[in-house]
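In: any chance you could fold what I've pasted below:
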Amino acid sequence: MERLPEISHREKFHRTFQAVCSYQRRIPEFIAKRLDGQAVAELISFWQAGIMPVPEHAKDEEKYEAAYNNWQWMARCNLEFIEEQLGKEGIDAYVRGEIQNMRRTFSELDLAGARFLDVIAPVLGFRTKAEQLLYEMQWMTPLDLIVIARQGLQAKTSPCKMLETPGMQHQGCEVNCRRILSGMAADQCRVRMEFHCQGDGCRISLSPLA
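Out: A predicted model of the protein is given here:
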């Protein structure tokens, strides 16, 4: 079975650190537009209760783990706070904003090349985009390719790293994966991305959208 190229711990750390910075930059503005400054201060206080410093001189793997824990804590705070304060409409708006932000995950050059392949070799174009999606997902959780076929790809996570964080079982699966990741894949890459929970992990199916 062909293996997915493995992302380095340094790359994982940089992507996770960027995700944390993105939350710090965007979410207070999101809350301020819909509530007020007091609500922003309340959310930030929740963040600060669980954020730990990233050791400056540690190994890349240790930096990644520290940044990852911060990212997961902030994601949990975001979702719980928005659901409590703004309900379903707030979560829907949050999801739309996250999909828009995740478009930056893929460079215009990568997409331009895949779109060119879509025209002259659709199967290869789809596979290029699908494998890039899975490659980028590795900063969120380890995964392995298990099926490569003309009709699509399948990968599995076992266990899923996102589910190791207490309180993220619902938020991690339903919001982060089934809504944000799958929404970005469809919107940006024209790839259908489906998540099927299996115990402490899941099977991920990717197929081309018409």
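
In: show me where pLDDT drops low in this protein?
Out: 1-2, 104-122, 150, 169-170 (pLDDT under 70).

In: where along the protein do the strands fall?
Out: Using DSSP state E, the strands of the chain run over 144-149, 152-157, 191-198, 201-208.

In: now those in a markdown table, with distance to residue 173 and mean neighbour count?
Out: Bear in mind the C-beta positions are built from the backbone N, C-alpha and C, glycine included. Output for the strands of the chain, formatted as a markdown table (distance: least, Cβ to Cβ, whole Å; neighbours: other Cβ atoms under 10 Å):
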| stretch | distance to residue 173 | mean neighbour count |
| --- | --- | --- |
| strand 144-149 | 19 | 13 |
| strand 152-157 | 11 | 20 |
| strand 191-198 | 6 | 17 |
| strand 201-208 | 7 | 20 |
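
In: walk me through the domains of the protein.
Out: 9-104, 122-208 (automatic domain parsing).

In: among the ones you listed, which is the most enclosed?
Out: domain 122-208 (a mean of 18; mean count of other Cβ atoms under 10 Å).

In: output the strands of the chain in CSV, with distance to residue 168 appended to each entry.
Out: As requested, the strands of the chain are exported to CSV (distance: least, Cβ to Cβ, whole Å):
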stretch, distance to residue 168
strand 144-149, 21
strand 152-157, 13
strand 191-198, 13
strand 201-208, 13
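
In: show me the contacts for residue 69.
Out: Residue 69 sits next to 52, 165 when contact means Cβ atoms under 8 Å, 6 or more residues apart in numbering.

In: just to revisit the earlier point, for residue 3, which of the domains of the chain is the nearest?
Out: Minimum separation from residue 3 across those (Cβ to Cβ) falls at domain 122-208, 6.7 Å.

In: so how far is that closest one from its chain's centroid?
Out: 9 Å (Cα atoms, centre = their mean, to the nearest Å).

In: for residue 210, see how far away the nearest residue to residue 184 once chain neighbours are set aside is.
Out: Nearest non-adjacent residue to residue 184, counting by Cβ to Cβ, 6 or more residues apart in numbering: residue 102, 4.4 Å away. Distance of residue 102 to residue 210, computed by Cβ to Cβ, to the nearest Å: 22 Å.

In: how close does the closest residue to residue 173 other than its chain neighbours sit to residue 181?
Out: With Cβ to Cβ, 6+ apart as the criterion, residue 173 has its nearest non-adjacent residue at 6.2 Å, and that residue is residue 197. Per Cβ to Cβ, residue 197 is found 14 Å from residue 181.

In: these two touch, right, the residue nearest to residue 173 and residue 177?
Out: No. Residue 197 lies out of contact with residue 177 (Cβ atoms under 8 Å); the separation is 9.4 Å.

In: overlap in contacts, those two.
Out: By Cβ under 8 Å, 6+ apart, no residue touches both residue 197 and residue 177.

In: scan the protein for its longest helix.
Out: Longest helix of the chain, by residue count under DSSP state H: helix 60-102.

In: on that earlier part again, how about CSV for the domains of the chain, with distance to residue 3 added?
Out: As requested, these are exported to CSV (distance: least, Cβ to Cβ, whole Å):
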stretch, distance to residue 3
domain 9-104, 17
domain 122-208, 7
